[in-house]
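1. Give me coordinates for this.
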Amino acid sequence: MRGATWDHPDWGAAWRQADFDLIRSETFRQFLKSQGFVLITWRELAAARSR
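-> Residues are numbered from 1 along each chain as shown. This is a model prediction of the structure:
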């Protein structure tokens, strides 16, 4: 990772944690819903696949 991001000062895990925190936030969920996305669970996805 260091080799691929040598010119990126934040090559560590902090940005991944920030991304994770964002997508887990209620604000982001509400944004997705306002854009027409339908949030489902992995269980719902598996059930739809097995039909």
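2. contacts, neighbours, all on C-alpha from now
-> OK.
3. Name the nearest residue to Leu22, sequence neighbours excluded.
-> Computed as C-alpha to C-alpha, 6 or more residues apart in numbering, the closest residue to Leu22 that is not its neighbour in sequence is Phe28, at 6.6 Å.
4. now that neighbour, what's its secondary structure?
-> Secondary structure, DSSP: H, G, I helix; E, B strand; the rest coil: Phe28 is helix.
5. That one and Phe20, how far apart?
-> Separation of Phe28 from Phe20 (C-alpha to C-alpha, to the nearest Å): 11 Å.
6. Arg49 now?
-> In this structure, Arg49 and Phe20 are 26 Å apart, going by C-alpha to C-alpha.
7. Neighbour count: these two, which is higher?
-> Neighbours were counted for Arg49 and for Phe20 using other C-alpha atoms under 10 Å; Phe20 has more, 11 against 8.
8. what's the more buried one in contact with, if anything?
-> Applying C-alpha atoms under 8 Å, 6 or more residues apart in numbering, we find Phe20 in contact with no residue.
9. Look up which helix or strand it falls in, please.
-> Using DSSP states H and E, the element containing Phe20 is helix 14-23.
10. same thing with Glu44?
-> Element membership of Glu44 [criterion: DSSP H and E] is helix 42-49.
11. what about this protein, any weak spots by pLDDT?
-> In the predicted model of the chain, residues 1-2, 5-6, 9-12 satisfy pLDDT under 70.
12. Residue nearest the middle of it, spatially speaking?
-> Most central in the chain under C-alpha atoms, centre = their mean is Ile23, positioned 4.6 Å from the mean C-alpha point.
13. my guess is it contacts Arg29, does it?
-> Yes: Ile23 is in contact with Arg29 according to C-alpha atoms under 8 Å; the separation is 7.3 Å.
14. Skipping adjacent residues, who's closest to Leu32 in space?
-> Counting by C-alpha to C-alpha, 6+ apart, the nearest residue to Leu32 once its immediate chain neighbours are dropped is Val38, at 7.7 Å.
15. burial of the one you found, as a residue count?
-> For Val38, the number of neighbouring residues by other C-alpha under 10 Å comes to 9.
16. Leu45 versus that one, what's the distance?
-> With the distance defined as C-alpha to C-alpha, Val38 ends up 12 Å from Leu45.
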